[in-house]
Structures are given as structure tokens and as C-alpha cells.
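Colleague: predicted model and sequence below, questions to follow.
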Amino acid sequence: MRKMFIHRTLSLLIPAVFFVLTSGKAQNKDLYLKSKDNLNKITLSLTEDGKLSYKVTRRDKTIILDSPLGLNLENNDFTSGLSVEKVSPIEEKREKYELKVANNKVADHVFKTKSITFKNKQGALITIDLIAGEEGVAFRYKFTEKEEKTRVVKNEITGFHIDQNAKGWLQPYNKAGDYTPGYEDFYVNVKSGDPISGARNVSVGWCMPALFNVNDTKNWVLISESGAEGTFPGCHLQPDSNGGMYKIAFAEKDEKFTLPLPDTNAYPESSLPWTMPWRVILIGDKAGDILLSTLITDLAPASKIEDTSWIVPGKAAWSWWSHPDDFTPEMYKKFTDVSASFGFRYTLFDAGWEKANKEGKIIDHALSKGVQPLVWGYSAEYFNPEKRKKRFKELADMGVKGVKIDFWCSDRQEVMSTLQSVFEDAAKEHLLVNLHGTTVPRGWHRTWPNFVTAEAILGTESYFYEPRFPEMAAQQNTVLPFTRNVAGPADYTPFALTFRKYTRLNTAVHELAMAMIYTSGIIHFADSEEVFNSLPNELKDLLKEMPATWDKTEAIIAEPGKTVVLSRKKDNLSYIIGINGTNAVSPISIDLSKYGKGFSKFRIISEGTDPLMEFKISNYPITSKWQYNLAPKGGFIIQFIK
């Protein structure tokens, strides 16, 4: 009888034990997510001692090798001893929206999503959200419980393991100093795992976005962030990437510049619930897929501005580049008149504008000309919420349309939070925002469409400051569309023909093409009234009609560091623009009939007799096979004509 009882008891227990074990295995098997097209996949794994990692594949080929996941909080460790607590069902999510500033006006993507909750040894829970789409994958950490006590993250061990055969383009993250960090360094062509070299300043890591050519050069991948809304510092990658492992690093505590920030650590901190930024991995079969990707804005929160009709992209004349020491009312008025004569919507008054306005009423002059003024401001003046709101109201009452706020030079959490408040408070007064001396955008132009452009780029002003810039500029110009400009609109301040301290080597048409290669909600043209007025009539007309945003863009040739050729369309305007980043002639061949449908001929703007200063303008019938030799450091612009 006793044997029979034991036998019956075991027979009841065994299925229960079997269910628990298989349930656990099933959960571990469920730690992955595929995109709807089944091409991109992110897979999480737990070791026996509860350490978490992930890998990313495309068509079952490795894009990101096994890489660590986890957070170490001040009083809680989520880097080991983890177990699966819950796996959510897979859901489908569609992101369809319009951008004010874009390569393509409409974004429309379908994603698969899943959330996986883990328990640590202390019984605390952490959730990792996964998302997978046709343009890549992403993940983020979050704590869903409610708790008033402030949590502090001491370390994030997230890594991105890039195969050591891969090469990439990475920008050094400069140590805090005069005007740094500001994402104004060269992108360096490195092999995965290489130490930092070639930086303009002492550097403490690598910036994001970071671009790599992986899978035996068959795929491109861009590592970035999205949705950083002030609950976390802006992050970069640690300097030690031994073995190709690039790990997350937080902002440094000395990133203060002259901002009113406490002299304390810069660890991320928040009460709960706490949702952290997306770690974004853009994937493309071609580099052009990266250039055109909207994954960063897809993951950013939807627009928080209901009526965006007052937000209008446009162009602006700007006096500082050609006259950096002249802050007189006469000079500001002169450039306002340039804007008026070319039909530019805006004029930018840089540092010193307030004195000029008192003396010469430069704002009233601009408004009388039908030109909307933008004004420069200093970041420290916009930190205090009450002072900021008061200042924005004063500017709006004066007739100012937008603010260029300079010298942030920090990725600390306090700065990231302040930037969101700047966008919000400016929007309430119908003011546009342009950030300079700043961190790289992270999809913010979707959430706050009045955020129309930002610097965070090694741009035209470098002809004043960087002796290596003339030789390296053309190459850099063909890397930035795949890196910096993917993260958000970029204020390169293009079209600089006058020679400055360091003599330009790019051709004149290369410089003009830059205004149409980069995407910026306001194009601030460098150079003087004299240069604008000396242009041939065809180029004057081009400047008048040139859009500051696009309905449709295609990447015809996309070779980072070498050649970029884009097809750009806006309303009934159609162009093809190309630049050469090398010192050699670059032969290209394009089927113009594919891009010129509905047009009878095309005009090409190319190098003139003096390539550095002159343009050649020619008209031709549209052909199915157009061949052209791009000049060294050269460029071209094709306008399709009815």
C-alpha cells in the first residue's frame, strides 16, 4: 500500500516538474524577436549564473556578436543572477507620421515588439523592451514599479560587439574643456577595436552614431540612441574597444562648461517608473539604407505639438562667417537685405545682436522686409525655467521667430532634461530652436518639430580653426550623411567660397552642393553679399528655389568617405546632387530618365575654369545613360527642367 502511494504521488509530481522545466526552457527560447519581414532578429541569452547577453542577425548572418546587457544600480545589481520572470506576447506596432525636416516627408514602418522582465537575486525586476523592424532593431531598459526614492545607475554594461574584420567611421568623444564635448571632430576610418587616433582634442571615448561595415562588408550598421528625454545622460562609447567590444559610457561629471551644474557625479538617476533611452542598431544592405533610415525618429515619442502650421523650414543669410568681427546694425541689415533679395524666409542675427538692435532696430528692419529674424543666445541664460520662459516671451513679443542657443558642451542628464524644456517652452511662444555647441540630436525633431536644426558637426567654421580641415573636408562631407545627419538635422552652414585662415580645397560646386546634400530645417548660408551677388543668374535662381526639406530622397551612389549622389524631390522640383570625397576623379553613370520623368531636359552645374571659385552651367536633353567624371573634391548639381 505504501509503495502504491509513493508510486501514485510520484506519478502526479513528475508531470508538474516536467512542466516547470519545459516552461522555463520555453521562456528562454522566447527571448528573441524578428522583424515582420523576418530579416532582422535580436536574440537574448542567459548564462547559468544569470548573466544576460544579446546578438543581432540579418538573414541569419551575424551583425552584432554576443554582447553584454545589464545595469548596476547603487543598491541593486542587474548584471548577474538574473532569471526570466515574464515574457510578453509579441505585438505589432505601426509608426506613420510626417516630419517637418526630412529626407522623406512621410515615414511609415511596421515593427514587432516584445517586453521581457527579469528578476535579480534580491527579487527586484527589470524589463527590457525589444523592437525589430525592416531598418534594424533596438532595446531599452525600464523599471515599471512606482517608487519615489531616487535610483542611481552606477554602470551600464551594454556592449556592441563588432567583428574585428569590420571597418567603420567613428568620431572621437572629446574630453570636457573649452567648447567640448560638442561633437565637432573628424570621423576616423578605423578597424573594429582600434584605439582612438587622429582626434582634434584629448578624447575619452567614441561618439554615437558609430558606423560600421560588417558581415564581410555585406551589411552596414549604425549604433545610436533615441528617445533621450531627460531621464538619462547622453551616452557615448568607451575608449577601450579591445576585441571590437564597444561599451556604453555616461557623460563625464566635468562636462559643465559655464553651465549652472553641480560639481557632483553625472550618474543617471530617477525615481520610478523609469524608462531609459533606446539603444538603436540600424542595419542596411547598402550604406544608402543607413542614410535614409528613420529608425531613430520611429522610436522617438510622437510630436507633442498639435498645431505645427507655424513651423516652416527655410533658408537664412548669416553675417558671422564672412564678417566675424562686425556686429554693427549696418552689417545685420545688409544681410537681412540679402535674405530679402533671394526670397529667404529668415535672417540670423548672431552674437552682439542686442546692442545692434538698440542702436539700429535691426529686428524692425527685418520685419519690414518680410524677413523673419532668428537670434543668438547663450546656453547658461536658458537654464532657469522662469528666466527661460520670460526670455522666450520677450523675444516673441519683439517679432523674433527663432533662437540659436550656443555653448552647451555637455551630455549630462541635467542638460538633456533642459533641452527638452527648451523645445517645449519655445514651442509655446511659436519659436524655432537651433542648438549649437551641443550634443548630437536623438530623434528630437519628431517629438518637437520646432527643433529644426543643430550643429554637433565639424562644419564650415572649421576653415577658421582647424589646419587639417581643408584636406579632410571633402572626405568628411561624404561620411556625415551616413552618421551625424541620420541622427537629426545638421547645421553645417554651407557654401563658403571666400578663403579664410585655412584655404579651401573643395571645388566651388562641391560647397554649393553641400546645401542640398545635408538635411537642415534652416539652411544658414555662409559667405558675403558680394559672393551672392557675383553668382550667375542660374545659381541665384537655384538659391531662391532650393528647399530646406524634402518630400522624397533616393541614394543613387552611397560610399562613405568616397562618393555621395542623391536624388532629391520637393513638390514639382527635382534634382540630383553629388560630391566626391577623394583626391581622384570618380567616374559615375546614372540613368537620368529614371529620375527625370515629366521633364524635358536637365541643367548641370559643374566646375568652371577656376574650379575653386567658378561654376560651369550647361543644358542637355535627358538620357538613359549619363556618364560623368566627378572632379577630385568636386561636385555637381542637376536641375531637371520642364
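Modeller: Received it, and whenever you're ready, just let me know what you need.

Colleague: can we go C-alpha only for contacts and neighbour counts from here?
Modeller: Noted.

Colleague: so Gln420 belongs to a helix, correct?
Modeller: Yes. Read with DSSP: H, G, I helix; E, B strand; the rest coil, Gln420 is one of the residues of a helix.

Colleague: for it, grab the count of nearby residues.
Modeller: Residues within reach of Gln420, counting by other C-alpha atoms under 10 Å, total 18.

Colleague: can you get me a residue count around the nearest residue to Asp350 once chain neighbours are set aside?
Modeller: Leaving aside its sequence neighbours, Asp350 sits nearest to Trp376 (C-alpha to C-alpha, 6 or more residues apart in numbering; 4.8 Å). For Trp376, the tally of surrounding residues (other C-alpha under 10 Å) stands at 20.

Colleague: and what of Asn580?
Modeller: Residues near Asn580, counting by other C-alpha under 10 Å: 30.

Colleague: wait, isn't it in contact with Tyr628?
Modeller: No. Using C-alpha atoms under 8 Å, Asn580 is not in contact with Tyr628, being 11.9 Å away.

Colleague: report the contact partners of Trp626.
Modeller: Neighbour list for Trp626: Ser589, Ile590, Asp591, Leu592 [criterion: C-alpha atoms under 8 Å, 6 or more residues apart in numbering].

Colleague: same thing but at 10 Å, please
Modeller: Under the criterion of C-alpha atoms under 10 Å, 6 or more residues apart in numbering, the contact partners of Trp626 comprise Ile588, Ser589, Ile590, Asp591, Leu592, Ser593.

Colleague: give me phi/psi at Pro560?
Modeller: In this entry, Pro560 is assigned phi and psi values of phi -50, psi 130 (degrees, to the nearest 10).

Colleague: does it touch Ala287 like I think?
Modeller: Yes. Pro560 sits in contact with Ala287 when judged by C-alpha atoms under 10 Å, with a separation of 7.3 Å.

Colleague: overlap in contacts of those two?
Modeller: In contact with both Pro560 and Ala287: Leu211, Pro481, Phe482, using C-alpha under 10 Å, 6+ apart.

Colleague: wasn't the second one part of a helix?
Modeller: Yes. Membership of Pro481 in a helix is supported by three-state DSSP.

Colleague: quick one, grab the pLDDT at it.
Modeller: As summarised for this prediction, Pro481 has a pLDDT of 98.

Colleague: state the number of residues packed around it.
Modeller: Applying the criterion other C-alpha under 10 Å, we find 23 residues in the vicinity of Pro481.

Colleague: where's it relative to Glu538, distance?
Modeller: 27 Å (C-alpha to C-alpha, to the nearest Å).

Colleague: residues contacting the residue sitting nearest the centre point of the chain?
Modeller: Against the mean C-alpha coordinate of the chain, by C-alpha atoms, centre = their mean, the closest residue is Ala487 at 1.3 Å. By C-alpha under 10 Å, 6+ apart, the contact list for Ala487 reads 208-209, 224-226, 291, 293-297, 440-445, 481.

Colleague: among these, which are located in helices?
Modeller: Residues of those located in helices (DSSP state H): Leu291, Leu295, Ile296, Thr297, Trp444, His445.

Colleague: nearest to Lys96 among those?
Modeller: For Lys96, the nearest member of the ones in helices among the contacts of Ala487 is Thr297. The distance, counting by C-alpha to C-alpha, is 10.7 Å.

Colleague: which one is the closest one nearest to, not counting chain neighbours?
Modeller: Gly443 (4.4 Å).

Colleague: can you tell me which residues contact the one you found?
Modeller: Under the criterion of C-alpha under 10 Å, 6+ apart, the contact list for Gly443 reads 225-228, 294-301, 486-489.
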